[in-house]
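A.B. asks: Sharing a model that was predicted from the sequence below.
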Amino acid sequence: MGIAERPMVRKRISFSRIKDVLEVPNLIEIQQKSYKWFLDEGLLETFRDISPVQDFTGNLALEFTGYSLGSPKYTEDQCKQRDVTYAAPLKVKVRLINNDTREVKEQEVFMGDFPLMTETGTFIINGAERVIVSQLVRSPGTYFDMAKDPSGKTLYSASIIPNRGAWLEFETDAAEVVYVHVDRTRKIPATVLLRALGF
């Protein structure tokens, strides 16, 4: 005959000086707010930046007047099962203006499927749940640096970080030759870059 064991319940004893435990903050709030801002304002700003689009003759102009997101085709669980992206159709209201005839046509155009963020701050891409990892990016500008090589020679470097486009990183070596990295690729002599720019 077996003896039924009663589960032991141990009392937790805290030796800390502070009795209250800090409340864990909402760690995904920044991603959710950023995504909501992008949906509410960021997309519209992007369309305003490129609007109006004109043809090379200047006869036709295409203006973006607004956008709307439809409802997703599948639920989050269905997207995971079917290996599809959890997205909604993005439709943009456009206005085509013919400057010669003053004819104006308005139409709603399907631009593509726009990925939606889940309640947990993730995206479902091709059935796999993905998360955005925030990272700090250096501010645009020029940065100068100085270092010593093992022989004690002073080496100089400069980084040019634009708002948009390729990073340029200049550096000197022990022979005092100036090299450049374009978008962190392999180093090339700075004279090659200058020749490519027409100097």
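C.D. replies: In hand now; what should we look at? Residues are numbered from 1 along each chain as shown.
A.B. asks: Show me which positions of stretch 168-182 end up buried.
C.D. replies: 168-172, 178-181 (16 or more other CB atoms under 10 Å). C-beta here means a position set from N, CA and C on the backbone, and glycine is covered the same way.
A.B. asks: export these to CSV and tack on pLDDT and secondary structure?
C.D. replies: Listed next are these as CSV, based on pLDDT from 0 to 100; DSSP: H, G, I helix; E, B strand; the rest coil:
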residue, pLDDT, secondary structure
L168, 93, strand
E169, 94, strand
F170, 95, strand
E171, 94, strand
T172, 92, strand
V178, 94, strand
Y179, 94, strand
V180, 94, strand
H181, 93, strand
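A.B. asks: In TSV, list those along with distance to L96.
C.D. replies: Shown next, in TSV, are these (distance: CB to CB, whole Å):
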residue	distance to L96
L168	40
E169	44
F170	47
E171	50
T172	54
V178	51
Y179	50
V180	44
H181	44
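A.B. asks: Pick out the most distant pair among those.
C.D. replies: Spatial extent of the buried residues of stretch 168-182 (CB to CB) is set by the pair L168 and T172 at 14.5 Å.
A.B. asks: Can you list the low-confidence ranges for this protein?
C.D. replies: 1-7, 20 (pLDDT under 70).
A.B. asks: Let me see the domain layout of it.
C.D. replies: The chain breaks down into these domains under automatic domain parsing: 29-38+57-131, 141-196.
A.B. asks: For S14, which of those is the nearest?
C.D. replies: The nearest among the domains of the chain, by CB to CB, is domain 29-38+57-131 at 29.1 Å.
A.B. asks: okay, how far is it across that closest one, tip to tip?
C.D. replies: 13 Å (CA to CA, to the nearest Å).
A.B. asks: go on, stretch 122-129?
C.D. replies: OK, stretch 122-129 end separation, CA to CA: 6 Å.
A.B. asks: Show me what that stretch is in contact with.
C.D. replies: The contact list for stretch 122-129, computed with CB atoms under 8 Å, 6 or more residues apart in numbering, reads 76, 79-86, 115-118, 130-132.
A.B. asks: returning to that earlier point: please identify the deepest-packed of the domains of the chain.
C.D. replies: Mean neighbour count (mean count of other CB atoms under 10 Å) peaks for domain 29-38+57-131 among those, with a mean of 14.
A.B. asks: list the contacts for Q81?
C.D. replies: Taking CB under 8 Å, 6+ apart as the test, what Q81 contacts is G127.
A.B. asks: from what I can see I28 touches E119, true?
C.D. replies: No: using CB atoms under 8 Å, I28 makes no contact with E119, being 9.5 Å away.
A.B. asks: So which residues of this protein form strands?
C.D. replies: Secondary structure of the chain by DSSP state E: the strands cover 53-54, 60-69, 87-98, 103-115, 122-125, 128-131, 141-148, 154-161, 168-172, 178-182, 188-189.
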